[in-house]
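# this one's structure only:
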């Protein structure tokens with residue numbers, strides 16, 4: 001019975017919301033899945049990121065999403081205040097206790113052009129190519145024709161006309177504006193589109209004229225993402241960061257708004273202190289409209305930030321999920337050379 005419930009939820013989310021992409025509540029901590037134009041746009045030369053999400057933990061392994069990325073600022077000595085970024089990333093999404101597995105591997109390239117002599121304001125564009133694979137494990141699925149007087153024991157007669165695995169290439173692109181008024185604060189706005197080539201992801205061949213279907217199967221429709229944010233000191237010890245995101249794919253939309261306050265626990269007044277040993281604590285919350293409240297906390301030290309959040313479900317699904325949402329963790333490490341001059345960048 002539990003397998004049937006899990007499978008029903010997978011079908012509900014995968015079909016009725018028309019193949020909405022995997023996503024993170026801490027979208028600001030997963031820039032490579034947000035917009036390829038963020039590639040290389042950070043204050044350092046190497047950035048490593050890992051993300052983990054367990055949605056609806058009351059249903060064992062209903063949705064597990066993991067991601068990892070590494071991006072670099074290359075040719076720094078030849079670029080001046082301009083930035084050329086190169087990045088690699090991967091994402092794995094498992095639904096229905098592993099019945100449906102999606103794996104993505106991406107390569108990203110971005111260029112950011114300075115609009116002033118200090119490099120405080122930049123305009124950038126990024127591109128991303130992705131190889132994707134989808135696998136269905138039929139041994140973990142239960143269908144109605146397997147029902148017998150002793151339970152789900154009979155062999156299933158269900159088949160997939162295109163097999164139980166599917167691979168395809170995908171293309172994404174985005175633009176990003178980043179600015180600062182004093183070299184300390186930062187604000188940014190970005191727009192991106194994923195699945196520009198509308199790849200075929202279907203397991204069934206269908207002649208249906210329904211939206212999203214072609215003669216050869218299901219076409220993954222483009223996802224458009226708009227996000228804005230910024231950070232600024234509000235006192236000698238406090239910094240405010242705000243971020244918002246809106247995305248649309250087919251008829252599915254998502255809007256997330258919120259922010260966090262950070263405080264430094266050990267910054268000295270010594271002018272020679274470069275801040276490399278700072279310890280910062282972040283507390284805040286985001287809201288996914290009509291769905292969840294997302295408390296957030298993070299600890300930052302030695303270039304590493306460890307973030308944690310939890311989706312408090314406020315939608316009509318809270319009865320089915322017993323009020324439980326999603327546990328999410330993020331790790332961001334940025335290596336900054338000792339000789340580097342700080343440049344205002346979107347901070348995640």
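That came through fine. Note that the structure is predicted; figures quoted are calculated from it, not measured.
# Could I get the full set of helices for the protein?
For the chain, the helices defined by DSSP state H cover 2-11, 76-79.
# quick one: which of those has the weakest pLDDT on average?
The weakest mean pLDDT among the helices of the chain belongs to helix 2-11, with a mean of 43.
# Under the pLDDT cut-off, which ranges of the stretch 151-300 of the chain? List them.
151-163, 203-217, 267-276 (pLDDT under 70).
# what about 80?
Applying pLDDT under 80 to the stretch 151-300 of the chain flags the ranges 151-165, 201-218, 267-277.
# Then the stretch 1-150 of the chain?
1-20, 56-62, 76-77, 95-99, 137-150.
# can you pull out the strands in it?
46-55, 63-74, 83-95, 100-114, 122-136, 147-148 (DSSP state E, counting those that start in this stretch).
# Could you pull out the buried residues of the second one?
Applying a neighbour-count criterion of 16 or more other Cβ atoms under 10 Å, the buried positions in strand 63-74 are 63, 64, 65, 66, 67, 68, 69, 70, 71, 72, 73. Using the backbone N, CA and C atoms, a C-beta is placed for each residue, glycine as well.
# can you tell me how far residue 327 sits from residue 72?
Distance of residue 327 to residue 72, given as Cβ to Cβ, to the nearest Å: 30 Å.
# next one: residue 316
Distance, residue 316 to residue 72, using Cβ to Cβ: 44 Å.
# What of residue 301?
Residue 301 is 22 Å from residue 72, where distance means Cβ to Cβ.
# and what of residue 193?
Taking Cβ to Cβ, one finds residue 193 at 24 Å from residue 72.
# before we move on, what about residue 82?
Using Cβ to Cβ, residue 82 is found at 15 Å from residue 72.
# before we move on, back to that, so which of the strands of the stretch 1-150 of the chain comes closest to residue 310?
Closest of these to residue 310 is strand 46-55, at 10.2 Å (criterion: Cβ to Cβ).
# could you give the angle of the closest one to strand 83-95?
Angle between the axes of strand 46-55 and strand 83-95 is 20 degrees (criterion: axes from the mean of the first three to the mean of the last three Cα atoms, to 10 degrees).
# Which neighbours in the sheet does strand 46-55 have, and how are they oriented?
When sheet partners are counted by DSSP bridges, strand 46-55 sits next to strand 63-74 (antiparallel), strand 324-335 (antiparallel).
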